[in-house]
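Undergrad: sharing a sequence plus its predicted fold:
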Amino acid sequence: METQALKILGIDPGLNHTGYGVIAYLPGKITLVDSGVLNVPKGELYERLAYIYKGLAEIIEKNQPAVSAIEKTFLNTNAQSSMLLSHARGAAICAAAVQGLECREFSTREIKKSVTGYGAAEKQQIQEMVARLLRCEDKKFSEDEADAIAAAICYANTKIILGMLPAQKKLGVSGTAVARKGSSSSRVRGQWTKLVGGLK
């Protein structure tokens with residue numbers, strides 16, 4: 001019986017631009033299913049949040065992902081901007097939750113380290129590594145799009161590290177066991193290296 005890929009929706013929330021990316025994951029292989037950016041029209045806050053919610057709901061309906069991943073809110077010096085970003089995240093998380101998807105949250109550093117191996121990577125490095133992992137070197141991903149895909153890849157890497165979790169059991173996908181010896185950080189690096197090596 002052929003193993004069914006685990007579809008993961010990654011979301012990079014924003015009140016002006018919300019990136020999304022759907023990948024199909026099998027051990028040693030990640031394939032791009034769909035990606036893009038929801039360019040939110042200007043308007044009242046509730047109208048913009050509704051646009052994000054409806055847009056993501058349509059993407060979920062179209063691609064039928066099993067799980068989703070989103071970047072955690074980071075606090076910057078502009079409290080107003082942080083609050084507006086939190087609103088956008090709330091709309092995105094609700095869209096996933098109402099569709100019955102688990103929504104895992106990852107910090108910016110976790111996502112960057114998972115995709116590039118470096119927690120303080122620049123935007124361009126994320127874009128380039130995402131294209132490489134997906135074997136889409138000829139495709140130019142926007143920053144929002146690449147960040148969303150990176151969140152999905154981070155989720156996939158977490159599955160490799162943690163082994164088979166409920167969503168994979170439901171789809172019949174076998175997780176990769178983590179070696180019991182060595183430090184936690186070395187195990188993570190080893191799994192990341194193994195994934196990238198398998199995609200070359």
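TA: Cool, the structure landed.
Undergrad: for this protein, what spans make up the helices?
TA: Counting by DSSP state H, the segments of the chain that form helices are 45-63, 79-98, 108-116, 123-133, 143-162, 166-171, 184-199.
Undergrad: count of residues packed around the closest residue to residue 116 other than its chain neighbours?
TA: When the adjacent residues along the chain are set aside, residue 116 lies closest to residue 129, with 4.9 Å between them (Cβ to Cβ, 6 or more residues apart in numbering). C-beta coordinates here come from the backbone N, C-alpha and C atoms, glycine included. Here the count is done by other Cβ atoms under 10 Å, and residue 129 has 21 residues near it.
Undergrad: need the contact list for residue 129.
TA: Residue 129 makes contacts with 115, 116, 121, 150, as judged by Cβ atoms under 8 Å, 6 or more residues apart in numbering.
Undergrad: repeat for residue 30
TA: 23, 24, 133, 134, 153, 156, 199.
Undergrad: coming back round to it: top of the contacts of residue 129 by number of neighbours, please.
TA: The most crowded member of the contacts of residue 129 is residue 150, carrying 30 neighbours; neighbours defined as other Cβ under 10 Å.
Undergrad: show me which helix or strand of this protein is least confident by mean pLDDT.
TA: helix 166-171 (a mean of 43; mean pLDDT, DSSP states H and E).
Undergrad: where's the residue lying closest to residue 31 once chain neighbours are set aside relative to residue 120, distance?
TA: Using Cβ to Cβ, 6+ apart and skipping the chain neighbours, the partner closest in space to residue 31 is residue 24 (4.5 Å). Applying Cβ to Cβ, to the nearest Å, one obtains 29 Å for the distance of residue 24 from residue 120.
Undergrad: and residue 152, by the same measure?
TA: Counting by Cβ to Cβ, the gap between residue 152 and residue 120 amounts to 21 Å.
Undergrad: of the two, which one has the most company?
TA: Higher neighbour count among residue 152 and residue 120: residue 152, with 32 against 10, using other Cβ under 10 Å.
Undergrad: which residues touch the more buried one?
TA: Taking Cβ under 8 Å, 6+ apart, we find residue 152 in contact with 8, 9, 10, 21, 22, 23, 69.
Undergrad: for the first one, what are its contacts?
TA: With contacts taken as Cβ under 8 Å, 6+ apart, residue 8 has the following neighbours: 22, 23, 24, 25, 65, 66, 67, 68, 69, 152, 155, 156.
Undergrad: run a quick neighbour tally on the fourth one.
TA: This points to residue 25. Burial of residue 25, expressed as a neighbour count using other Cβ under 10 Å, amounts to 25.
Undergrad: what does the pLDDT read for it?
TA: Predicted confidence (pLDDT) for residue 25: 94.
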